[in-house]
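In: compute the structure for the input listed below.
(2 chains, ligands or ions: 2)
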Amino acid sequence: MDIRELEQKANEIRQDIVKMLVTAKSGHSAGPLGMTDVFTALYFGVMQYDPQNPAWPQRDRFVLSCGHICPVWYATLAHAGFFPHHELATLRKLGTRLHGHPHNEVLPGAENSSGPLGQGLSQAAGMAYVGLKMDHKPWRVYCVMSDGEQEEGQIWEAAMFAGKNNLRNLTALMDRNNIQIDGYTEEVMPLEPLRAKYEAFGWTVLEVDGHNIREIIDACNKAKAIAENPTLIICHTIPGKGVDFMEYDYKWHGIPPDGKQGHEALKELRTLGGKIRSEHE
Amino acid sequence: MSVKLADNLFSSDIKQAPIRNGYGDGLLILGKENPNVVVLCCDLTESTRSLDFAKAYPDRFVEVGVAEQNLAGLGAGMAHEGKIPFITSYAVFSPGRNWDQIRVAICYSGNNVKIIGSHAGISVGPDGATHQALEDIAITRVLPRMTVLVPCDAIEARKATVAAAKIQGPVYIRLAREKTPQFTTDETPFEIGKAFVYREGKDCTVAAAGPQVYYALQAANELAKEGIECEVLNMVSVKPMDERTLIESVKKTGAIVSAEEHQITGGVGSAIAEVLSRNFPVPQEFVGMPDSFGESGEPNELIAKWGMDGKAIFNAVKKVLKRK
Ligand SMILES: Cc1ncc(C[n+]2csc(CCOP(=O)(O)OP(=O)(O)O)c2C)c(N)n1
Ligand SMILES: [Mg+2]
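Out: Ligands and ions are numbered 1, 2, ... in the order given. Sure, this is the predicted structure:
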């Protein structure tokens, strides 16, 4: 896919996220919409996988650490062909494979379960350690984590471990959207300087505009080329990206749009913010 | 039929060894047997008896540093890639510190990780209450899919370690620090999911786990002198529990004493009560920690003071017999 097609894909995924959340009547809006371009870049421009055979041994591993942003993961996995697109409508409903927080045993394409923040980087490091040091495999491990999650001590235990062991097959991508539940991260618990912290832990740190798909793909490729140590890509994102009334507002962390808001959001996404006419109007 | 135990069971020169030694021995067997077995430890490699494995198989040993949450997460990630990680620390830290990681990354996610909690029980001694895990059985057995093993001596700990690698799914093995009598033998049977009759009797069942199994045999020996015949069960497999052996025994005896080095709340005795109350309720007395924290002291002093020794079991049998 070229960049235009990837951007189109991201737009479709955002629309699916809105529809899923409206139907589910609960769930998280800001993080998923903010990370859609990163997920699109990873699944359609970076990672190797086979949706027909999710356990394909050579696949790149993808670990979602901040499980609450799973609507973007589910929508992306559906677009990547891991399960039927119509299943997205079952989000959070009894009998679904798309639980409120992801469960690896039922979700095709998932390596891990998540929800309790701070756990993913350790699991990703465990996989990367086996791949790099024990079994000498070519696949890579990608771990998406959030910024609020950096307040968890376990993240730094894992960061230390990955740094010590030079896990160069590990790429972590951080959703730097500056929000968490109680407010802006720097007010709840200042995280900066994040770059210096990870560098001090032995990581290479890259920073990208988390809505520039080209930049995200380039950074992932650069991380592949780095032979010394693990890489953190700080993705600067806008929470709620693409839906004007959600952008930058931490209140949208954990609530879904209602029917009317969903309608408005979809209109905005379809018209690219009013730049084009929507055939639905 | 009761099983074969050491010949010099009650002699003062019975061999003594720390239960944790059996873990170290088991790891060496596994090192040879199964290339997928890997060991992770948190800066306690010697005292948890992971050291011999670490020396023999350095490529399969991972030093994690003092980071037990990461320990559990790394173990989960490695299990996901087909390894059989034995994650090792003191029980107060793992599963104490990292229970959420064990719950979600290991149990809920179906990862085949073995959790080894050493230095459990009040017999840790002088290090004091912070280091005496008296809650670990409760917090592991409550987890869906978890197997919980509490070996009674070093030989059984070796067998439990080897057996844990052969089953798929999370296993918690509880180990103790102090030397205790090595009273089982290589021939003594062991199987996950089974309880074993170590002494037959008709008057009262004593169902114990860990070092308390030996104390139960001692108490039974003393009680026999007064004409009271106890049936002693080794409840090494706390979960899954061998309900049949347990129920058969109390059907015969009509009373039970449970004994363990753990809080009474949520421990082996509680697990036994959960089985019997549904199937064949009989009077039960609980030997264990009475909802308290421990303290510093010598292991034998603490076991006696807090009522988890042979004498406590002896008294509990007398008490429960009055309720029959
Ligand atoms: C261990 C743990 N503690 C608390 C929570 C509750 N929680 C869920 S999301 C969240 C906010 C974290 O910030 P971030 O992930 O940056 O949120 P976002 O940017 O997606 O709004 C919290 C506190 C949790 N899921 N896990
Ligand atoms: Mg955030």
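
In: now do the contacts for the nearest residue to B:Val232 once chain neighbours are set aside.
Out: Computed as C-beta to C-beta, 6 or more residues apart in numbering or on different chains, the closest residue to B:Val232 that is not its neighbour in sequence is B:Arg199, at 4.1 Å. Every residue, glycine included, has its C-beta placed from N, CA and C. Taking C-beta atoms under 8 Å, 6 or more residues apart in numbering or on different chains as the contact definition, B:Arg199 lies against B:Ser2, B:Leu217, B:Ala220, B:Cys230, B:Glu231, B:Val232.

In: mind doing that once more with 6 Å?
Out: Contact analysis of B:Arg199 by C-beta atoms under 6 Å, 6 or more residues apart in numbering or on different chains lists B:Ser2, B:Ala220, B:Val232.

In: between the residues you listed, which is nearest ligand 1?
Out: Nearest to ligand 1 among the contacts of B:Arg199 is B:Val232, at 43.8 Å by C-beta to the nearest ligand atom.

In: thought that closest one was touching B:Ala216?
Out: Yes: counting by C-beta atoms under 6 Å, B:Ala216 is a contact partner of B:Val232 at 4.8 Å.

In: now do the shared contacts for these two.
Out: With C-beta under 6 Å, 6+ apart, B:Val232 and B:Ala216 have common neighbours B:Val206.

In: if we can go back for a sec, dump the contacts of B:Arg199 into JSON lines; add pLDDT and neighbour count as well.
Out: Putting those into JSON lines (pLDDT from 0 to 100; neighbours: other C-beta atoms under 10 Å in any protein chain shown) gives the following:
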{"residue": "B:Ser2", "pLDDT": "78", "neighbour count": "13"}
{"residue": "B:Ala220", "pLDDT": "98", "neighbour count": "25"}
{"residue": "B:Val232", "pLDDT": "98", "neighbour count": "29"}
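
In: what is the nearest of those to ligand 2?
Out: B:Val232 (57.3 Å; C-beta to the ion).

In: just confirm that closest one is within a strand.
Out: Yes: counting by DSSP: H, G, I helix; E, B strand; the rest coil, one finds B:Val232 located in a strand.

In: gap between it and A:Trp252?
Out: 62 Å (C-beta to C-beta, to the nearest Å).

In: the stretch 51-200 of chain A: strands as residue ranges?
Out: With DSSP state E, counting those that start in this stretch as the definition, the stretch 51-200 of chain A shows strands at residue ranges A:61-64, A:141-146, A:170-176, A:179-180, A:183-184.

In: could you dump those strands to a markdown table with mean pLDDT, mean neighbour count and distance to ligand 1?
Out: Shown next, in a markdown table, are the strands of the stretch 51-200 of chain A (pLDDT from 0 to 100; neighbours: other C-beta atoms under 10 Å in any protein chain shown; distance: least, C-beta to the nearest ligand atom, whole Å):
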| stretch | mean pLDDT | mean neighbour count | distance to ligand 1 |
| --- | --- | --- | --- |
| strand A:61-64 | 98 | 26 | 11 |
| strand A:141-146 | 98 | 27 | 3 |
| strand A:170-176 | 98 | 27 | 6 |
| strand A:179-180 | 97 | 25 | 3 |
| strand A:183-184 | 96 | 14 | 10 |
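
In: and these as a markdown table, adding distance to ligand 2?
Out: Formatted as a markdown table, the strands of the stretch 51-200 of chain A follow (distance: least, C-beta to the ion, whole Å):
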| stretch | distance to ligand 2 |
| --- | --- |
| strand A:61-64 | 14 |
| strand A:141-146 | 5 |
| strand A:170-176 | 6 |
| strand A:179-180 | 5 |
| strand A:183-184 | 9 |
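
In: run through the residues of the stretch 151-281 of chain A sitting next to ligand 1.
Out: When proximity is defined as C-beta under 6 Å from any ligand atom, the stretch 151-281 of chain A approaches ligand 1 at A:Asp175, A:Asn177, A:Ile179, A:Gln180, A:Ile181, A:Pro239, A:His253.

In: now with 5 Å?
Out: Residues of the stretch 151-281 of chain A lying close to ligand 1 (C-beta under 5 Å from any ligand atom) are A:Asn177, A:Ile179, A:Gln180, A:Ile181, A:His253.

In: what residue spans form the domains of chain B?
Out: Split into domains by automatic domain parsing, chain B comes to B:16-181, B:196-321.

In: which of the ones you listed sits most buried?
Out: domain B:16-181 (a mean of 23; mean count of other C-beta atoms under 10 Å in any protein chain shown).

In: where do the helices sit along chain A?
Out: Ranges of helices in chain A, per DSSP state H, are A:3-24, A:30-34, A:36-41, A:70-79, A:120-129, A:153-164, A:185-188, A:194-200, A:213-225, A:259-270.

In: reformat those helices as TSV; add mean neighbour count and mean pLDDT.
Out: Formatted as TSV, the helices of chain A follow (neighbours: other C-beta atoms under 10 Å in any protein chain shown; pLDDT from 0 to 100):
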stretch	mean neighbour count	mean pLDDT
helix A:3-24	20	98
helix A:30-34	29	98
helix A:36-41	28	98
helix A:70-79	26	98
helix A:120-129	32	98
helix A:153-164	22	98
helix A:185-188	15	97
helix A:194-200	15	98
helix A:213-225	18	97
helix A:259-270	17	97
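
In: would you format those helices as JSON lines with distance to B:Asp291 included?
Out: Formatted as JSON lines, these follow (distance: least, C-beta to C-beta, whole Å):
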{"stretch": "helix A:3-24", "distance to B:Asp291": "43"}
{"stretch": "helix A:30-34", "distance to B:Asp291": "43"}
{"stretch": "helix A:36-41", "distance to B:Asp291": "49"}
{"stretch": "helix A:70-79", "distance to B:Asp291": "41"}
{"stretch": "helix A:120-129", "distance to B:Asp291": "34"}
{"stretch": "helix A:153-164", "distance to B:Asp291": "30"}
{"stretch": "helix A:185-188", "distance to B:Asp291": "37"}
{"stretch": "helix A:194-200", "distance to B:Asp291": "43"}
{"stretch": "helix A:213-225", "distance to B:Asp291": "53"}
{"stretch": "helix A:259-270", "distance to B:Asp291": "52"}
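
In: and these: which comes nearest B:Asn36?
Out: Smallest distance to B:Asn36 across the helices of chain A (C-beta to C-beta): 13.9 Å, for helix A:120-129.

In: columns distance to chain B on top of the strands of the stretch 51-200 of chain A, output as CSV?
Out: As requested, the strands of the stretch 51-200 of chain A are exported to CSV (distance: least, C-beta to the nearest C-beta, whole Å):
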stretch, distance to chain B
strand A:61-64, 8
strand A:141-146, 8
strand A:170-176, 10
strand A:179-180, 19
strand A:183-184, 24
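
In: TSV for those, including distance to B:Val148?
Out: Formatted as TSV, the strands of the stretch 51-200 of chain A follow (distance: least, C-beta to C-beta, whole Å):
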stretch	distance to B:Val148
strand A:61-64	28
strand A:141-146	31
strand A:170-176	33
strand A:179-180	37
strand A:183-184	42
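
In: ok, the contacts of B:Arg199 vs chain A, which is closest?
Out: Using C-beta to the nearest C-beta, B:Val232 comes nearest to chain A of these, at 40.4 Å.

In: can you pull the contacts of that closest one?
Out: B:Tyr198, B:Arg199, B:Val206, B:Ala216, B:Leu217, B:Ala220 are the contacts of B:Val232 under C-beta under 6 Å, 6+ apart.

In: in JSON lines, list those along with distance to ligand 1 and secondary structure.
Out: As requested, these are arranged in JSON lines below (distance: C-beta to the nearest ligand atom, whole Å; DSSP: H, G, I helix; E, B strand; the rest coil):
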{"residue": "B:Tyr198", "distance to ligand 1": "44", "secondary structure": "strand"}
{"residue": "B:Arg199", "distance to ligand 1": "48", "secondary structure": "strand"}
{"residue": "B:Val206", "distance to ligand 1": "42", "secondary structure": "strand"}
{"residue": "B:Ala216", "distance to ligand 1": "41", "secondary structure": "helix"}
{"residue": "B:Leu217", "distance to ligand 1": "45", "secondary structure": "helix"}
{"residue": "B:Ala220", "distance to ligand 1": "47", "secondary structure": "helix"}
